[in-house]
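J.: My questions are about this predicted structure, shown below with the sequence.
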Amino acid sequence: MSIGVMLVYGLLGLIVVITALGMLTSRNAVYSALFLVLNFATVAVLYMTLGAPFIALAQVSVYAGAIMVLFLFVIMLLGAEHITQRSTGRGHRVLSVLVAVALLAEAVIYILFRGAGVEMAALPSLPPDFASPAAIGQLLFSQFLLPFEITAVILLSAVIGAIYLTRRERQAAARTAAAEQPAEKPVEEPAEKTPIY
Amino acid sequence: MLEQWMYIGIFMVVAMMLPSIAIIIAGLLSPRRPNPIKNSTYECGIETVGPGWPQFRVQYYIFGLVFLIFDVETVFLFPWAVAYNRLGLFAAVEAALFIAILAGGLIYAWKKGALRWL
Amino acid sequence: MDAGMILEWVIKSVVMVLMLTGGFAYVTLFERKVIARIQVRVGPNRAGPQGVLQPIADAVKLIFKEELTPAGADKKIFILAPLITVLPALTVLAVVPLGPPLNLFGRTVNLFLTDINVGVLYIIAITSISVYGITLAGWSSNNKYAMLGGLRATAQMISYELALGLAIVGPVILAGSMSLVDIVDAQRPMWFAVLQPAGFVLYFIASLAEVNRAPFDMPEAEQELTAGYHSEYSGMKFALFFMAEYIKMIAVATIGATLFLGGYLGPFVDRFPILGPLYLVAKVVVWLFVMVWVRSALPRIRYDRLMALGWKVLFPLGLVNVLVTALIVVLVGG
C-alpha cells in the first residue's frame, strides 16, 4: 500500500470523524444536519476510492439527498433548531459514554492483537468492469433476486407505516384547511392562534 | 476509472473557486454602511411581526417521507435498466413485479389522501 | 497520471466554468430579448449595439452594490448558501460529452471532462444535492417569505426529481449504459426523443420544475413571496443565486439535448468533428428558447396543483413509461 493511498484514506477518515463530532457537538440542529450531510458525502468518496461508484452515488442521492432533506424538514417543522437545553436524561448519557468506551477498547484490542505485524494488503487490481452498473444489475437479477424483491416489500411497508403514523397530523391539517375556506371563515379570527404556513 | 473521479474532484475545486472569488471581490469593492433599519428583516415595508421561523405544516414532512421511499426505488431501477439487454424476459417480469409492488404503495398513499396538498 | 494530464484537466475545468459563466450572462440577455419581443417590446438596447453589453453592465453594478445581512440571520450559513447553490449547478455538466474527440496540438482531446460508467446516476445525485443551497438560504435569512420559499422549493424539487429520474431510465434502457458518451453513440440511428416521446415530454416538464422555472416558479412567486428564498440577499450573493438558476437552465437543456436529441450528433459530424459542439449549442439554444417561450406564455400554476401534477400525473406516467419501454424492448428483441 503506497504512502499516497494511506494519506488519502487517513485524510478522508479524519474528515469523517471530525464531521461526526461536529454533528454531535453542534448546539444548532441545522448545523448538526449539515455536518451529517458532509459526513455522508465523505463516506461516499471513500466508497468511490474502494472502487464502488454505484454505491457511492446511491449513498449521495439517497442518504444526503433524500434522508437528510427529511431530517431538515423535521427540524424546521418542529422549530427544533433553537432548542438549546439538553433533553436527554443522565442515565442516557452515562450509557452512551460506556458504549463508546467499550467500542473504542474493542477497536484498540483488535488492532493490537490481530492487526499487529500483519502487512496491510495492497489494493487488488480490479477488473475493468468491477462494480459496473451492468454487473450490479446482472447480480441483482440472478443471485440476489429474492433480497431485491424483499426490498420492494420492505419499501411498501415503509410507505404504509409512514402514512399510518402521520394520519392524525393529516386529519388535523385537513380540518384546518377546511376551516380556512372563505365560506366558513369566522368573521373574527382568534388573535392568539399561531399561523401555520 | 478512479482517475475519472479525480477529474471530477479537480473540476469541483475549480468550480468552487469561481463563486468564492466573486464573493471576495464584491466584499472588497462594495460599500458597507449598515444601520439597524437597513438590516431589519424585510416584510413588505411594515414592521416584522412574529418570529422569522414560524411553524410549518406537516405536509412537507409527509411528502419528504414518501419521496424517500420512491427515491430508493428509482436508484434500484438504474442497474436494472443498464443490464436489461443482457437479462432477458425473466428480469423484465421481476422488475415489473418490483414496480408493481411499489405502485401499490403509491396507490395506497393516494387513496389515503397523503398526496393531497392542503 | 502525470502533471501534464492534471494540467490538461485544470485547463478543461477552467474553460468549462468560464464557458458556463459566459453562457449564463448571455442567457439572461437572450431571455430578456425574447420575452420583450413576445410582449411587443424592444428589450435592453442601451448598453452597446443591440444591448450586447448589458450583462457586463449588470455584473459591474452588482459587484458595487452594498451587501446587506439581516439582523436575525445566521451569518455563516447565510454566506455559505449561495456557494452551495452554485456548486452543483456548475458541476452537473462534468459527465456530458460536448463533442466527438478532437485532434488539437497533435494529441487527441476528448471534449468532456470525464466519462464514468455511472454518469446518469451522477447527474441524479448532484440534482438531489442541489436542494440544500435553496433550503439553507431560506432558513438562514430569518425571514418568513424566504423560509416559505425555501421550503416550497425543496418540496417541489424532491417531488419532480422522481419524475425526472424515471424519465431518464428510458434512454438508459435503450442505450444499455449509464455513460453519456455511450448514450449519445446509441442515438446514431435515431434520436431517443422519437423512441421515447413520453419520456422526452416528462423530462421537459420535470426539468422545468426542477430548476424552478415558470410555470413552476412558486418558490419565487413575486406576488406572494416577494422573491422567495433570496428575498434577503443583495449584491453579489444575490447574483450568485441568479447565476445558479440560469446555469441550471443551461445544464438541464444540455443534458436533455444529450439524452433525447442526439447530443452533438448531426450531419457530417464524423467527417468534421468540430461541427459537434456547434450542433450541441444549436440544440441547447432551441431548448432554452422553448423554456423562455413557456415562461412568457403560461401563467404560474397553483401550489397544490403543482404537487398533484408531480405526484399523481408525472410520477405514475414515468412508471408506466418505464414498463412500456421495457416491454417493447423485449418484444422487438432489443
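T.: Received it, and whenever you're ready, just let me know what you need. Numbering: from 1, shown residues only, chains lettered A, B, ... in the order given.
J.: give me the number of residues near residue C:134?
T.: Other residues within reach of residue C:134, judged by other C-beta atoms under 10 Å in any protein chain shown, total 29. For every residue, glycine as well, the C-beta is placed using N, CA and C.
J.: One more: residue C:168?
T.: Neighbour count for residue C:168, taken as other C-beta under 10 Å: 30.
J.: Read off the pLDDT value for it.
T.: For residue C:168, the model assigns a pLDDT of 91.
J.: Please, which helix or strand holds it?
T.: helix C:144-175 (DSSP states H and E).
J.: how far does the next helix or strand after that helix sit from the chain's center?
T.: Sequence order places helix C:180-186 as the next helix or strand after helix C:144-175, per DSSP H and E. The chain centre lies 19 Å from the centre of helix C:180-186; the measure is C-alpha atoms, centre = their mean, to the nearest Å.
J.: going on from helix C:180-186, what's the next piece of helix or strand?
T.: Assigned by DSSP H and E, the successor of helix C:180-186 is helix C:192-195.
J.: and residue C:316, what does it touch?
T.: B:103, B:106 (C-beta atoms under 8 Å, 6 or more residues apart in numbering or on different chains).
J.: and the angle from the one helix or strand it maps to to helix C:144-175?
T.: Element membership for residue C:316 (DSSP H and E) is helix C:315-332. Counting by axes from the mean of the first three to the mean of the last three C-alpha atoms, to 10 degrees, helix C:315-332 lies at 10 degrees to helix C:144-175.
J.: Show residues contacting the helix or strand in which residue A:4 is found.
T.: Using DSSP H and E, the element containing residue A:4 is helix A:3-25. Contact with helix A:3-25 is made by A:31-33, A:35-36, A:38-39, A:42-43, A:45-46, A:49, A:123, as judged by C-beta under 8 Å, 6+ apart.
J.: Between those, which sits nearest chain C?
T.: residue A:31 (8.0 Å; C-beta to the nearest C-beta).
J.: which one is that closest one nearest to, not counting chain neighbours?
T.: In space, and not counting its chain neighbours, residue A:31 is closest to residue A:22: 7.5 Å by C-beta to C-beta, 6 or more residues apart in numbering or on different chains.
J.: where does chain A have low pLDDT?
T.: Confidence mapping of chain A against pLDDT under 70 gives the ranges A:1-2, A:79-89, A:115-129, A:173, A:177-197.
J.: What residue spans form the domains of it?
T.: A:1-84, A:132-181 (automatic domain parsing).
J.: Out of these, which is the most enclosed?
T.: domain A:1-84 (a mean of 18; mean count of other C-beta atoms under 10 Å in any protein chain shown).
J.: secondary structure class for the closest residue to chain A within the stretch 101-250 of chain C?
T.: Going by C-beta to the nearest C-beta, chain A is nearest to residue C:128 of the stretch 101-250 of chain C, at 2.7 Å. Secondary structure, DSSP: H, G, I helix; E, B strand; the rest coil: residue C:128 is helix.
J.: Poorly predicted segments of chain B, please.
T.: Along chain B, segments meeting pLDDT under 70 span B:1-2, B:43-56, B:118.
J.: Would you map the helices across it?
T.: For chain B, the helices defined by DSSP state H cover B:2-29, B:59-87, B:89-111.
J.: Can you give the contact residues for the shortest one?
T.: Right, helix B:89-111. Contacts for helix B:89-111 (C-beta under 8 Å, 6+ apart): A:141, A:145, A:148-149, A:152-153, A:155-156, A:159-160, A:163, B:66, B:69-70, B:73, B:76-77, B:80, B:83-84, B:115, C:311-312, C:315-316, C:319, C:322-323, C:326-327, C:330.
J.: For stretch C:91-98, output the C-alpha coordinates as PDB.
T.: Taking Å, rounded to 0.1, in the frame of the first residue of the first chain, the C-alpha atoms of stretch C:91-98 are listed here in PDB:
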ATOM      1  CA  THR C  91     -20.500  20.500 -11.600                       C
ATOM      2  CA  VAL C  92     -23.500  18.600 -13.000                       C
ATOM      3  CA  LEU C  93     -22.200  19.000 -16.600                       C
ATOM      4  CA  ALA C  94     -18.900  17.200 -15.800                       C
ATOM      5  CA  VAL C  95     -20.100  14.000 -17.400                       C
ATOM      6  CA  VAL C  96     -21.700  15.400 -20.500                       C
ATOM      7  CA  PRO C  97     -19.800  15.000 -23.800                       C
ATOM      8  CA  LEU C  98     -19.700  18.300 -25.700                       C
END
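J.: In contact with the residue nearest to the residue of the stretch 101-250 of chain C closest to chain A when sequence neighbours are not counted: list those residues for me.
T.: Nearest-residue entry for residue C:128: residue A:65, 2.7 Å, with adjacent residues in sequence omitted and distances by C-beta to C-beta, 6+ apart. When contacts are counted by C-beta under 8 Å, 6+ apart, residue A:65 is found next to B:71, C:125, C:127, C:128, C:129, C:131, C:161.
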